[in-house]
Each structure stands twice: as C-alpha cells, then as structure tokens.
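1. Provided below are the primary sequence and the corresponding predicted coordinates.
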Amino acid sequence: MLHYSLCARVTDERTQFFLDLNAVRPGEPLPAPDLSRLLPPGGRLRFHIVGVHESFRGPLEADSRCRFHSDVASAWAEWSRQP
C-alpha cells in the first residue's frame, strides 16, 4: 500500500517525501529486496524518513535517496534549507 501511494504522488511531480515511521513496528521481517522495493524508482526523488525501526534502516541505507531523521523537526530543518 505504501509503494502504490508513493507512486501515485510521484506522478504529481513531487520530489521530496516525508515518511514518519515512528509508529511502524515490524511484525514478520521483510527480506531486504522487498523492503527496498517499497520506494518508487527515480533519481530525482528524496525520502526523508523519521523514526525508522532499526530492522528497516539497514536495507534503506543502501538507497542514497534516503535521509534519516530522529524527529520531525530535524527533517523539516533539512528540507527548509533546500534551494
């Protein structure tokens, strides 16, 4: 569901996405390839991920489009410095 929702927004010409994952906890572990396919393709896209669970962080760190933040305020501060 997350993947399809993000894909729909990519077609809107959006390039910056903020994902607050503080409330997401892993049930059964997702294989790393499945987790990395959650994000739509596109070199111009940037994903600001807040509060990601450690088991999700590893596979997503390999994606240079991802920026990790400890809280919403730090994500906003980084985004607001964008040109």
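-> Received the coordinates, thanks. Numbering: from 1, shown residues only.

2. quick one: low-confidence parts of the protein?
-> Applying pLDDT under 70 to the chain flags the ranges 12, 25-33, 35, 82-83.

3. just the strands in it please.
-> Using DSSP state E, the strands found in the chain span residues 16-20, 46-50, 66-69.

4. who's in contact with the shortest one?
-> Looking back up the chat, that one is strand 66-69. Strand 66-69 is contacted from outside by 39, 46-52, 57, 60-61, 75, 78, using Cβ atoms under 8 Å, 6 or more residues apart in numbering. Using the backbone N, CA and C atoms, a C-beta is placed for each residue, glycine as well.

5. I would like a PyMOL command selecting only the buried ones among those, please.
-> A single PyMOL command selects the buried members of the contacts of strand 66-69 (16 or more other Cβ atoms under 10 Å):
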select buried, resi 39+46+47+48+49+50+51+52+60+75
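
6. follow-up on the earlier one: now the strands of the chain in a markdown table, with distance to M1?
-> Formatted as a markdown table, the strands of the chain follow (distance: least, Cβ to Cβ, whole Å):
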| stretch | distance to M1 |
| --- | --- |
| strand 16-20 | 13 |
| strand 46-50 | 16 |
| strand 66-69 | 19 |
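
7. mind checking the end-to-end distance for stretch 65-76?
-> End-to-end distance of stretch 65-76 (Cα to Cα, to the nearest Å): 16 Å.

8. residues in contact with the residue nearest to R44 when sequence neighbours are not counted?
-> The spatially closest residue to R44, leaving aside those adjacent along the chain, is T15, at 5.2 Å (Cβ to Cβ, 6 or more residues apart in numbering). Applying Cβ under 8 Å, 6+ apart to T15 gives the contacts 44-46.

9. Which one of the residues you listed is nearest to N22?
-> Nearest to N22 among the contacts of T15: R46, at 19.3 Å, using Cβ to Cβ.

10. Next up, the contacts around that closest one.
-> By Cβ under 8 Å, 6+ apart, R46 lies in contact with 15-17, 65-67.

11. cutoff 6 Å now
-> 16, 65 (Cβ atoms under 6 Å, 6 or more residues apart in numbering).
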